[in-house]
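Chemist: The amino acid sequence is not available; the structure is as follows:
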């Protein structure tokens, strides 16, 4: 990413010359993308959209108590992690660290009309999946995607996106807790300091064009869409349901397992898929996370094992075909 992109995370809806060239080289037959931003702008002019408001950690005390573990603030979002530390999942012979792909994350956002939005991505085993969904439904919590993040993995694991909107976030938190209690999700563990990541993170940052962060032994690079994104009539804060995530798990000798997802609009899907495959990255799944998002967003999950810096260079080519900028404040 160029310096001016990093300094201004919300520039006008224009396409960089570099992204145009990358997309043209990868998919010359693709037509121009429709002007999806027009509909969003029209709705904003009609005052139909509701903006998120800033809150503080103390505002979510009752939600945290209902969830049964502490959360933290990520700008507009009250965020809580439920890593599946109880699972030992292997994909292509690699023992997957929970921070790479096995972390349940849920976020609550307060809005100007005093309503609250829940969005999250939850990890359940195949044996837990149906009961987990049943309990969510009993508490009015929607499932907006059920899919895979990994290839050829054992034991079988699924990822379920959850969504709820209303004026009683504590009731939603109780519903989540009831669903999690039907799984093997373990209690929260005391926070521990992150050890140094066994990778050349300086070279990875240079390749990715973004300063990454550590999450345990995992190194993460994160981007957000440049344009405003709404879910129904709610404006989503940057980083909620519209991020590109690139995660590196060190395997020794400069090698890493690469996993994550890229966020795209429809016209970007084929350039991204082509760039990933040309870089030797395996495709896992293409899907939506939301039901009523504008612009309509697609996500591709991917997997690769190899030299970490070369993998970063490969996935950066796919990132550059999309309209994203580095996540404000780091990888969040």
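Modeler: The structure has been received and is ready for your questions. Worth saying up front: this structure is predicted, and the values here are computed from it rather than measured. Numbers count the residues shown, from 1 in each chain.

Chemist: Report the contact partners of the spatially most central residue of the chain.
Modeler: Taking C-alpha atoms, centre = their mean, the centroid of the chain lies closest to residue 243, which sits 4.8 Å from it. Listed by C-beta atoms under 8 Å, 6 or more residues apart in numbering, the contact set of residue 243 reads 222, 223, 224, 263, 327, 332. Bear in mind the C-beta positions are built from the backbone N, C-alpha and C, glycine included.

Chemist: So which of these are in strands?
Modeler: The members of these that map onto strands under DSSP state E are 222, 223, 224, 263.

Chemist: what's the pLDDT at the residue nearest to the centre of the chain?
Modeler: At residue 243, the predicted lDDT confidence score is 93.

Chemist: just to revisit the earlier point, list just the nearest of the contacts of residue 243 to residue 107.
Modeler: Minimum distance to residue 107 across the contacts of residue 243 is 10.4 Å, recorded for residue 332 (C-beta to C-beta).

Chemist: secondary structure element for the closest residue to residue 184 other than its chain neighbours?
Modeler: Nearest residue to residue 184, sequence neighbours excluded (C-beta to C-beta, 6 or more residues apart in numbering): residue 86, at 4.8 Å. Assigned by DSSP states H and E, residue 86 belongs to no helix or strand.

Chemist: coming back round to it: neighbour count for the contacts of residue 243 - can I get that in TSV?
Modeler: Converted to TSV, the contacts of residue 243 look like this (neighbours: other C-beta atoms under 10 Å):
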residue	neighbour count
222	24
223	28
224	23
263	24
327	25
332	18
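
Chemist: what's the most distant pair in these?
Modeler: 263 and 332 (14.0 Å).

Chemist: Contacts for stretch 53-63 next, please.
Modeler: 71-73, 75-76, 78, 108, 110-112, 169-170, 173.

Chemist: Among these, name the ones in strands.
Modeler: Among those, the residues falling in strands (DSSP E) are 72, 73, 78, 108, 110.

Chemist: I'd like the residues you listed written out as JSON lines, with pLDDT and neighbour count added.
Modeler: Formatted as JSON lines, the ones in strands among the contacts of stretch 53-63 follow (pLDDT from 0 to 100; neighbours: other C-beta atoms under 10 Å):
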{"residue": "72", "pLDDT": "95", "neighbour count": "13"}
{"residue": "73", "pLDDT": "96", "neighbour count": "14"}
{"residue": "78", "pLDDT": "98", "neighbour count": "25"}
{"residue": "108", "pLDDT": "98", "neighbour count": "27"}
{"residue": "110", "pLDDT": "98", "neighbour count": "19"}
